[in-house]
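Undergrad: okay, here's the prediction I keep looking at, along with the sequence it came from:
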Amino acid sequence: MNTQKKLFLLPYRFQTIGGIIAVIGFLVSIVPQFFGIDGNLSTLCLIYGMLAVALGLFMFGFSREKQEDEFTLYLRTSSALRALLIVFALQFVLKLVVSILEYKQVFGEFGMKTLNEFVDSITSLGAVFILYLIMYKVRLRRYNHLALDTQEEAYEE
């Protein structure tokens with residue numbers, strides 16, 4: 001079964017393009033804070049920067065590898081599943097802690113609102129995607145490193 005025809009992925013060169021776009025978008029979003037720019041320009045830089053980061057990470061995450069096979073498909077799907085499970089478990093635990101803190105009235109109303117927003121931001125869909133990217137790339141690099149070591153050992157014998 002040829003999985004490459006069933007899985008839509010961008011060409012390999014989009015990894016580099018996506019990485020560059022993500023870095024530039026991140027820099028555009030933080031530059032106004034370093035130069036003390038306030039107002040509409042700062043908001044526009046933040047919006048366009050975050051859109052560029054999202055687009056760049058999308059291109060980086062959904063582009064082919066140099067050698068795309070069934071194992072890379074397995075790594076993609078298992079990394080996505082693990083990222084979903086980790087973020088949902090984290091969300092459950094954090095929401096439980098926030099509910100307990102709210103019941104005990106540890107923080108004021110503003111503090112609870114801020115804490116809820118923080119929990120929502122770290123357990124968002126973007127967090128799942130970034131965790132997926134990290135897990136997939138680390139596991140792929142580890143696999144490629146182990147495969148290279150095995151080939152070198154076989155060559156030496």
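TA: Ah, there it is. Residues are numbered from 1 along each chain as shown.

Undergrad: got a list of what residue 9 touches?
TA: Shown in contact with residue 9 (CB atoms under 8 Å, 6 or more residues apart in numbering): 62-64, 68. Glycine gets a C-beta too; all of them are placed from N, C-alpha and C.

Undergrad: pLDDT at it, what is it?
TA: Per-residue confidence (pLDDT) for residue 9: 88.

Undergrad: and if you look at the one 4 residues further on?
TA: What the model reports as pLDDT for residue 13 is 94.

Undergrad: and for residue 23?
TA: With respect to pLDDT, residue 23 scores 95.

Undergrad: can you check residue 149 too?
TA: In this model, residue 149 is scored at 71, pLDDT.

Undergrad: just give the number of residues close to it.
TA: Around residue 149 there are 10 other residues, counting by other CB atoms under 10 Å.

Undergrad: buried set for whichever strand or helix holds it?
TA: Element membership of residue 149, judged by DSSP states H and E, is helix 125-156. Residues of helix 125-156 classed as buried: 127-133, 135-137, 139-140 (neighbour count, 16 or more other CB atoms under 10 Å).

Undergrad: lowest average confidence, helix or strand, in this structure?
TA: helix 109-122 (a mean of 73; mean pLDDT, DSSP states H and E).

Undergrad: packing partners for it?
TA: helix 70-104 (3 or more CB pairs under 8 Å, 6 or more residues apart in numbering; DSSP states H and E).

Undergrad: ok, back up a step: angle of the least confident helix or strand of the chain against helix 125-156?
TA: Using axes from the mean of the first three to the mean of the last three CA atoms, to 10 degrees, the direction of helix 109-122 lies 40 degrees away from that of helix 125-156.

Undergrad: hmm, who's touching helix 109-122?
TA: Here helix 109-122 makes contact (CB under 8 Å, 6+ apart) with 90-91, 94-95, 98, 101-102, 107, 127.
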